[in-house]
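Visitor: Quick one, structure for this:
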Amino acid sequence: AFLALLLLIRVLFLEEYSWVNRRCLKAAALPTITNRIECSEAYYHRKANLDPTLWPPSLGDDALSLTQSNHAVTDVHYTITTRLDGEAWDLAQCSLEATARLCPRAREDTGEGGPCRINIWIVGGAASDLRGAEAGLEEAKGILAMLDDVWAVANLTNPASPSAALLWCVRIADPPERGPDARFDVLSGDCASVPEQPRKSDDTERALAMRSWLASTAAQSQLPAHVSDAWRLTALLEWGGMYLDADVLPIAPGLFQLPEPSVPTQNRNGAYRLNGGVLRLDDKDEGKENDKGLKHGVIRRSYMQALADDHLAWAPRLAQLPVEKQTFGFLGPAALTRVHTDHNYTGNLTILPYNVIEPNFFEDNFCLKMWQEKRSLALHFSGKKKKTFLQSVRRNLCVRSVVKNACPLNFQTMK
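Guide: Numbering: from 1, shown residues only. Coordinates of the predicted model:
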């Protein structure tokens, strides 16, 4: 009994991950939704830290060497879940302008040609705003006016074939009462009704399941971040391509040629290992039958399909909690991490070093490293960096030069 007591003390208090054991013991004794979520978070935090595939070497002193895909994205997706104002709006406009400039270039570099389409999905609270008050209509006009400017930028950037260089589509999600099978109200733009390349049936079925969940009454009490997590998966399942957060600033066409599929890591200070700000999950991300004694038995699903299954399993549980107790990131970066660490999917997944997307642009010689050695493909102004975006543009010469080069049109309003 004494040895058992010593072992229990060691497991609960003396080991590096004793806090994980304490959380999960609490969940076993009191299996509430909150306790189970906290246990799951802790368990996968430990599992991720012990998973060597989630710790790719940083770019160090070497130039960026990635096996770029010979297939550039056709569709780039953004989701807007809350009203964009202030610095968030400035950053979103800059991101869209940079994408409009670089995505067509990426398609030219691969020899594919043809247009790149920017898809803006206005959902959740932002969709309600646009449908309702007059202020919402003004915001809609602002989005469209900005996109007109982006179109002009694309024409100037691609004078040989301006009309074919860039397409854009703005959709407002149908309200829940229209049902899960309802399509989208097209606000404006070049919105195709179906993708040019038919999606796999497994993707289509999961997309319908995601729509069904999003149209349910329970889903209306989610955090905006969880709504965004659901819609980005739905868009990728239906259309393929790449998802970008509105606070991600593309700075090189190589971003739109990332391997399929690929997900960037966060730096070591991040709460989770994988970063959902950039997702390249495309048609060629195909699951194959695999029987390796995994807990799910024989599986045939891609990483993206596994993400959708994880979301559909966890989202209804989180929605039972008050909004203030719903865990931010649990259906986003935490989901990306736990699906990968469980390895219950088939096919390959490229894990990108954190400084491909989230370099420290305050480090010495960052601009030299980025421009001359082509280290980074995007800057992710996540967290506090988003709130001080304009301050960084005005005070940090390095950030200023990057932003001026990426979105010169919008830069004129930031001075």
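Visitor: Spatially nearest residue to residue 386 (excluding sequence neighbours)?
Guide: residue 247 (4.7 Å; CB to CB, 6 or more residues apart in numbering). Quick note: C-beta positions are derived from backbone N, CA and C, even for glycine.
Visitor: how many neighbours does that neighbour have?
Guide: If you count neighbours by other CB atoms under 10 Å, residue 247 ends up with 21.
Visitor: likewise residue 240?
Guide: Neighbours of residue 240 using other CB under 10 Å come to 25.
Visitor: you'd agree it is up against residue 281?
Guide: Yes: judged on CB atoms under 8 Å, residue 240 makes contact with residue 281 at a distance of 7.5 Å.
Visitor: ok, residue 252 to residue 405 distance?
Guide: Counting by CB to CB, to the nearest Å, the separation of residue 252 from residue 405 is 10 Å.
Visitor: Looking at these two, which one has more neighbours?
Guide: Each of residue 252 and residue 405 has its neighbours counted (other CB under 10 Å); residue 252 has more, 21 against 13.
Visitor: what sits against the closest residue to the more buried one other than its chain neighbours?
Guide: Excluding the flanking residues, the one nearest residue 252 by CB to CB, 6+ apart is residue 377, at 4.8 Å. Counting by CB atoms under 8 Å, 6 or more residues apart in numbering, residue 377 makes contact with 64, 250, 251, 252, 254, 255, 258, 356, 357.
Visitor: doesn't the fifth one fall inside a helix?
Guide: Yes: with the criterion set as DSSP: H, G, I helix; E, B strand; the rest coil, the secondary structure at residue 254 is a helix.
Visitor: can you map out the strands along the stretch 301-415 of the chain?
Guide: Taking DSSP state E, counting those that start in this stretch as the criterion, the stretch 301-415 of the chain contains strands spanning 350-352, 378-380.
Visitor: Next: the stretch 101-250 of the chain.
Guide: Under DSSP E, counting those that start in this stretch, the stretch 101-250 of the chain gives strands at 116-122, 166-172, 185-189, 242-244, 248-250.
Visitor: check which helix or strand covers residue 79.
Guide: According to DSSP states H and E, residue 79 maps onto strand 75-80.
Visitor: Adjacent strands (with direction) for that strand?
Guide: Counting by DSSP bridges, the strands paired with strand 75-80 are strand 116-122 (parallel), strand 242-244 (parallel).
Visitor: Run the angle between it and strand 166-172 for me.
Guide: Angle of strand 75-80 versus strand 166-172, following axes from the mean of the first three to the mean of the last three CA atoms, to 10 degrees, is 40 degrees.
Visitor: What lies in contact with strand 75-80?
Guide: For strand 75-80, using CB under 8 Å, 6+ apart, the contacting residues are 92, 95-96, 99, 103, 116-123, 126, 195, 228, 231-232, 235-236, 239-246, 256.
Visitor: out of the contacts of residue 377, which is most surrounded?
Guide: Busiest of those [other CB under 10 Å] is residue 250, holding 29 neighbours.
Visitor: To residue 56, which of the strands paired with strand 75-80 lies closest?
Guide: strand 242-244 (19.6 Å; CB to CB).
Visitor: picking that back up, select from the strands of the stretch 101-250 of the chain the stretch with the lowest mean pLDDT.
Guide: Among those, strand 185-189 carries the lowest mean pLDDT, at a mean of 60.
Visitor: Contact partners for the residue lying closest to residue 258 once chain neighbours are set aside?
Guide: Nearest residue to residue 258 in three dimensions, chain neighbours excluded: residue 280, at 4.4 Å (CB to CB, 6+ apart). Residues in contact with residue 280 (CB under 8 Å, 6+ apart) are 69, 73, 242, 258, 259, 260, 261, 262, 263.
Visitor: where along the stretch 251-400 of the chain do the helices fall?
Guide: For the stretch 251-400 of the chain, the helices defined by DSSP state H, counting those that start in this stretch cover 303-318, 333-342, 366-373, 384-387, 389-395, 397-406.
Visitor: Need the winner for burial among those.
Guide: Of all those, helix 333-342 carries the top mean neighbour count, a mean of 24, counting by mean count of other CB atoms under 10 Å.
Visitor: what would the contacts of residue 377 look like in JSON lines with distance to residue 38?
Guide: As requested, the contacts of residue 377 are exported to JSON lines (distance: CB to CB, whole Å):
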{"residue": "64", "distance to residue 38": "37"}
{"residue": "250", "distance to residue 38": "36"}
{"residue": "251", "distance to residue 38": "37"}
{"residue": "252", "distance to residue 38": "39"}
{"residue": "254", "distance to residue 38": "39"}
{"residue": "255", "distance to residue 38": "35"}
{"residue": "258", "distance to residue 38": "33"}
{"residue": "356", "distance to residue 38": "31"}
{"residue": "357", "distance to residue 38": "28"}
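Visitor: from these, which is closest to residue 326?
Guide: Using CB to CB, the contacts of residue 377 come closest to residue 326 at residue 357, 25.7 Å.
Visitor: Test of understanding: give the bridge partners of the closest residue to that closest one other than its chain neighbours.
Guide: Closest residue to residue 357 in three dimensions, ignoring its sequence neighbours and counting by CB to CB, 6+ apart: residue 264, at 4.1 Å. Note on residue 264: beta-bridge partners by DSSP bridges are residue 352.
Visitor: what about the stretch 201-350 of the chain, any weak spots by pLDDT?
Guide: Along the stretch 201-350 of the chain, segments meeting pLDDT under 70 span 267-272, 282-300.
Visitor: One more pass at 50, please.
Guide: Residue ranges of the stretch 201-350 of the chain with pLDDT under 50: 285-299.
Visitor: coming back round to it: mean neighbour count, the strands of the stretch 301-415 of the chain: which tops it?
Guide: For these, the highest mean count by mean count of other CB under 10 Å goes to strand 378-380, at a mean of 24.
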